[in-house]
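>>> Need a 3D model of the sequence below.
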Amino acid sequence: MTQLIESKISIKIPSNLILIEKAKVLELENQSLIGQTWNAKDVTNRLGGKDIRDWKLVFYKHREEVDIKNGGFVKFPTRKGMPWKFHAKMTAHFIDNHWKEFMETKDRF
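All right, here's what the predicted structure looks like:
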């Protein structure tokens, strides 16, 4: 026999805090990425500190799709020492859609 206890509690929320739906937070975060450009450090931070040698392999694997030359959102370095550039909003969506791949990729060199 299952027993059920019902309880009503009140939690006081400080005036400097608010409750907000997760969907609204994601929407606001998404809006904050509009018009933003990321560099390699930003992508590393977004991936929780994932080593650039690991995450760059995923972008190279999908280069035909993501390269700005093909209508994508990543400007690949054309020679050593040149910076990576990423359209922030599109890169964030790409990371979300390929999360497992980013987390499982290790530099094999």
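
>>> can we go C-alpha only for contacts and neighbour counts from here?
Will do.

>>> Would you quantify the distance from the residue nearest the centre of the chain to Asn45?
Nearest to the mean C-alpha position of the chain, by CA atoms, centre = their mean, lies Ala92 at 3.9 Å. Distance of Ala92 to Asn45, given as CA to CA, to the nearest Å: 12 Å.

>>> sorry, back to before: secondary structure class for the residue nearest to the centre of the chain?
helix (DSSP: H, G, I helix; E, B strand; the rest coil).

>>> Then the one 3 residues further on?
Secondary structure, three-state DSSP: Ile95 is helix.

>>> What pLDDT is listed against Gly35?
Gly35 is assigned a predicted lDDT (pLDDT) of 92.

>>> Backbone torsions only: list them for it.
phi 80, psi 10 (degrees, to the nearest 10).

>>> Which residues are in contact with it?
His87, Ala88, Lys89 (CA atoms under 8 Å, 6 or more residues apart in numbering).

>>> run the last query once more with 7 Å
By CA atoms under 7 Å, 6 or more residues apart in numbering, the contact set of Gly35 is empty.

>>> So it versus Ser15, what's the distance?
Look at Gly35 and Ser15: by CA to CA, they are 32 Å apart.

>>> again with Phe94
To Ser15, Phe94 is 37 Å away according to CA to CA.

>>> who has more neighbours, these two?
Phe94 (14 against 6; other CA atoms under 10 Å).

>>> so how far is Lys24 from that one?
For Phe94 relative to Lys24 (CA to CA), the value is 20 Å.

>>> Let me see the ranges of the helices in the chain.
Counting by DSSP state H, the chain has helices at residues 22-32, 40-46, 52-61, 63-66, 88-97, 99-104.

>>> Now tabulate those helices in a markdown table and tack on mean pLDDT and distance to Ile5.
Shown next, in a markdown table, are these (pLDDT from 0 to 100; distance: least, CA to CA, whole Å):
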| stretch | mean pLDDT | distance to Ile5 |
| --- | --- | --- |
| helix 22-32 | 86 | 28 |
| helix 40-46 | 95 | 42 |
| helix 52-61 | 94 | 49 |
| helix 63-66 | 98 | 54 |
| helix 88-97 | 95 | 40 |
| helix 99-104 | 93 | 40 |
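
>>> Right, I'll leave it there.
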